[in-house]
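Visitor: Sequence plus the predicted model coming up.
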Amino acid sequence: MNNTTHFAFFDEGSKKEIRRTTLKAVAIPGYQVPFASREMPIARGWGTGGLQLTLSLIGKEDTLKVIDQGADESVNAVSIKKLVQQTTGVEVTDHTEAASLIQSRHRIPEVPLTEEQILVLQVPTPEPLRDVEASEYVTKRLHAEEEYSGAWLLLFEQIMKYGKTATGADHPVYVNGRYVMAPSPIPRFDNPKMHISKALTLLGAGREKKIYAVPPYTDVTSLAFEDYPFAVETFAGHACHLCGATDVFLDELVDEATGIAYYQCNDTSYCIDRLNSQEQVEVEHHHA
């Protein structure tokens, strides 16, 4: 890295502005704070909001992990990892436990996070009321008045049409008993992980120029009616065909040769670590 290159790509003024916005977001859980989203060397909609948060917060002692829909090796994850590493020189890892800063698209890792970690989620659409109200001015007023009947109406329409809530991802949540928040397009399976999480969760939307946050140990409740309680995706009767896990989010895959469906851990590093630990146990048992 030459001396004219800014650490973590941004100049110090840009990083300070994003940090100030982040502090306000942490102080008001679930509230969308506008910020001056910068131009990035990746297209808007491909994680610029999350990347700006990562670049403004990362330090020389940090260890970075980047995942895209559970995978560490996807094009999006590898590209972001490469940009951050080339402009900071920090270590990168695939192991959730070893990372101090985790940037993710569409998933929260299966391994519970700790107080020493920060989770950054990429967000395409931060406004949970956008499907019922196109005006930004109106949605800001609705949040101020705590008027969330539009969000409840969307869930009610799903129940009337499908007999249950049908949000495949991005199911809205109440944060700290005040703001309704879009949790990024994570599956419903991951919503409960945000509740009283030990880690700080930051959400960045570069295209929409918004940053919001869930501080550690914050109450996060998924929107649901009393007679139609919130439920996560179920994989009862199925297990990962590689590591045998049953209590994680699984992907359904189909063998092209046989046409037979099978299941596999969506979180690839979790699956690999579980396999390695099983192999270690077998080796120790063999030696014993």
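Guide: Here it is on my side, so go on. Residues are numbered from 1 along each chain as shown.

Visitor: avg pLDDT for stretch 113-123?
Guide: Throughout stretch 113-123, pLDDT has a mean value of 97.

Visitor: buried set for it?
Guide: Of all the residues in stretch 113-123, those buried under the rule 16 or more other Cβ atoms under 10 Å are 113, 117-123. Where C-beta positions appear, they are placed from N, C-alpha and C, glycine not excepted.

Visitor: need those residues in TSV with secondary structure and distance to residue 37, can you?
Guide: Shown next, in TSV, are the buried residues of stretch 113-123 (DSSP: H, G, I helix; E, B strand; the rest coil; distance: Cβ to Cβ, whole Å):
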residue	secondary structure	distance to residue 37
113	coil	26
117	coil	25
118	strand	20
119	strand	20
120	strand	15
121	strand	16
122	strand	13
123	coil	12
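
Visitor: Quick check: of those, which lies closest to residue 133?
Guide: When the buried residues of stretch 113-123 are ranked by distance to residue 133 (Cβ to Cβ), residue 123 comes first, at 18.0 Å.

Visitor: Out of the buried residues of stretch 113-123, which comes closest to residue 78?
Guide: For the buried residues of stretch 113-123, the closest approach to residue 78 (Cβ to Cβ) belongs to residue 122, at 14.6 Å.

Visitor: I figured the closest one was touching residue 204, is that so?
Guide: Yes. Here residue 122 reaches residue 204: they are 6.8 Å apart, a contact under Cβ atoms under 8 Å.

Visitor: between these two, what contacts are shared?
Guide: Common contact partners of residue 122 and residue 204 (Cβ atoms under 8 Å, 6 or more residues apart in numbering): 49-51.

Visitor: Would you mind putting these into JSON lines with distance to residue 250 alongside?
Guide: Listed next are those as JSON lines, based on distance: Cβ to Cβ, whole Å:
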{"residue": "49", "distance to residue 250": "28"}
{"residue": "50", "distance to residue 250": "25"}
{"residue": "51", "distance to residue 250": "28"}
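
Visitor: From those, pick the one nearest residue 11.
Guide: Using Cβ to Cβ, the shared contacts of residue 122 and residue 204 come closest to residue 11 at residue 51, 15.5 Å.

Visitor: The closest one - how many residues pack around it?
Guide: Neighbourhood size, residue 51 [other Cβ atoms under 10 Å]: 25.

Visitor: a helix runs through it, doesn't it?
Guide: Yes. Counting by DSSP: H, G, I helix; E, B strand; the rest coil, residue 51 is part of a helix.

Visitor: Might you report the residue contacts of it?
Guide: Residues near residue 51 by Cβ under 8 Å, 6+ apart: 40, 42, 80, 83-84, 103, 122, 204, 206.

Visitor: who does the one helix or strand residue 193 maps to touch, helix- and strand-wise?
Guide: Assessed by DSSP states H and E, residue 193 sits inside helix 191-194. Using 3 or more Cβ pairs under 8 Å, 6 or more residues apart in numbering; DSSP states H and E, the elements in contact with helix 191-194 are strand 220-222.
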